[in-house]
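# when you get a sec, could you give me coordinates for this:
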Amino acid sequence: ASSADRTARNRAKVYQLNNVGQWDDRGTGYAACQYLQGYGFACIILVNEEDSTPILETRVSPDDIYQRQGETIISWTEPQNGCDVALSFADAAGCTDLWEQICTLQRAELQAGGWHDGEGDDDGPSHLGAL
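Down below sits the predicted model:
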């Protein structure tokens with residue numbers, strides 16, 4: 001597959017649950033797991049399809065917080081702030097790609113003993129756009 005195919009299938013919308021139980025659309029872009037050398041860990045990143053600015057950038061958690069919903073949605077609750085987040089993919093293959101990357105990263109980090117217990121460990125990025 002060419003990089004253009006891969007980008008198209010990784011197109012997703014990010015949603016955040018608001019305080020009245022409604023899902024707010026936070027933007028559309030391209031999702032990937034990316035290792036951030038400066039931080040020394042992997043993040044889930046969604047970059048805006050228009051200008052490539054980050055909409056979502058959050059550390060991959062070692063905990064079992066991710067849920068696959070149907071063919072095209074991955075959701076979780078952010079450990080740092082308790083926000084519920086969902087990625088809704090245009091293509092089921094893109095959702096499967098990201099899901100497998102998350103699972104692979106979790107296994108690799110746990111085997112390497114690279115994760116701590118999470119106590120006070122909020123040095124890395126965890127933000128949704130302008131929240």
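# to which secondary structure element type does residue 98 belong?
helix (DSSP: H, G, I helix; E, B strand; the rest coil).
# which parts of the protein are strands?
Applying DSSP state E to the chain gives strands spanning 11-17, 23-36, 41-48, 54-59, 67-69, 73-77, 84-89, 126-128.
# and the fourth one, which strands flank it?
Put plainly, it is strand 54-59. strand 41-48 (antiparallel), strand 126-128 (antiparallel) (DSSP bridges).
# for it, what is the average pLDDT?
Strand 54-59 shows an average pLDDT of 94 in the prediction.
# doesn't residue 98 make contact with residue 74?
Yes: using Cβ atoms under 8 Å, residue 74 is in contact with residue 98, at 6.3 Å. Just so you know, the C-beta spots here come from the backbone N, C-alpha and C atoms, and that holds for glycine as well.
# residues shared between the contacts of the two?
87, 89 (Cβ atoms under 8 Å, 6 or more residues apart in numbering).
# rewinding a little: tabulate the strands of the chain (TSV), appending mean neighbour count and distance to residue 110.
Below are these laid out as TSV (neighbours: other Cβ atoms under 10 Å; distance: least, Cβ to Cβ, whole Å):
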stretch	mean neighbour count	distance to residue 110
strand 11-17	20	26
strand 23-36	17	15
strand 41-48	20	13
strand 54-59	20	14
strand 67-69	13	19
strand 73-77	18	17
strand 84-89	20	22
strand 126-128	18	20
